[in-house]
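Enquirer: My questions concern the predicted model and sequence given below.
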Amino acid sequence: MRRAVFGLFVLLGLMGPANADDGPPLITITGASISDGIGPGGDRASLFEVLGIQFDDAIAFSSADLAALDQTSFPAQISGYSEPVMVSGPLLADVVATAGLEGDVAIYALDGYSAVITADLMAEARPVLATHISGVPFMLGGLGPTLIAFPQTALEADAELEALQVWAVFHIRVD
């Protein structure tokens, strides 16, 4: 795990944001139709390499990039909290669309956990790529840098959605 976390920091430094004032990338989005994005980098010890994730091109989003998108807030039951808490961030579908992509997504966490969210489910349940909980940004080492969260009403209607609430999200692959 220590090697994976080190690889993440090396990778973040290699990828560099489009504008240095925006801060380091938080999320890397990959998909077959991305061109002229950032390459995978030459660091063979990166977290992508450790987790077996391969791609040719990617788009990186910094916290400023994510904050520039329309924000959605709602209560959600999040692992580790006894009661629903307020989460906020851009709709996952909006992040994918901003990257110029469409389709089902595979969400990857820093610990290697992954889950697939279909395009239909994104449209129906409207999950967010949460960047804040109760108004406070997620921290790396906690549930951050970002978390997939579904509205409490969707979670109550379908308990299986809880397994799709991936925390410590760093990569989204669009198929």
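Expert: Structure received.

Enquirer: Would you map the helices across the chain?
Expert: Secondary structure of the chain (DSSP state H): helices located at 2-15, 47-50, 63-67, 92-98, 119-125, 152-157.

Enquirer: mean pLDDT for the ones you listed: which is lowest?
Expert: Among the helices of the chain, helix 2-15 carries the lowest mean pLDDT, a mean of 42.

Enquirer: buried ones in stretch 109-129?
Expert: 109, 110, 115, 117, 121, 122, 125, 126, 127, 128, 129 (16 or more other Cβ atoms under 10 Å). Backbone N, C-alpha and C define where each C-beta goes, glycine included.

Enquirer: looking at it, the first one is touching residue 164, isn't it?
Expert: No - contact between residue 109 and residue 164 fails when scored by Cβ atoms under 8 Å: they sit 11.6 Å apart.

Enquirer: what would the buried residues of stretch 109-129 look like in CSV with distance to residue 96?
Expert: Shown next, in CSV, are the buried residues of stretch 109-129 (distance: Cβ to Cβ, whole Å):
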residue, distance to residue 96
109, 17
110, 20
115, 15
117, 10
121, 12
122, 7
125, 14
126, 13
127, 11
128, 12
129, 9
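
Enquirer: from those residues, which ones fall inside strands?
Expert: 109, 115, 117, 128, 129 (DSSP state E).

Enquirer: Next one: the third one from residue 23, what distance?
Expert: If I follow you right, that is residue 117. Look at residue 117 and residue 23: by Cβ to Cβ, to the nearest Å, they are 26 Å apart.

Enquirer: among the buried residues of stretch 109-129, which one has the lowest pLDDT?
Expert: residue 110 (92).

Enquirer: so that residue touches residue 170, yeah?
Expert: Yes - judged on Cβ under 8 Å, residue 110 makes contact with residue 170 at a distance of 5.5 Å.

Enquirer: Any idea how far stretch 133-141 is from the middle of the chain?
Expert: 14 Å (Cα atoms, centre = their mean, to the nearest Å).

Enquirer: ok, now stretch 98-110?
Expert: On Cα atoms, centre = their mean, the centre of stretch 98-110 falls 8 Å from that of its chain.

Enquirer: how about low-confidence regions in this structure?
Expert: Within the chain, the stretches with pLDDT under 70 are 1-21, 33-45.

Enquirer: redo that, cut-off 50
Expert: Within the chain, the segments meeting pLDDT under 50 span 1-18, 44.

Enquirer: Need the phi and psi values for the closest residue to residue 69 other than its chain neighbours.
Expert: Distance criterion Cβ to Cβ, 6 or more residues apart in numbering; nearest residue to residue 69, sequence neighbours excluded, is residue 90 at 3.7 Å. Backbone torsions for residue 90, taken as degrees, to the nearest 10, come to phi -70, psi 150.
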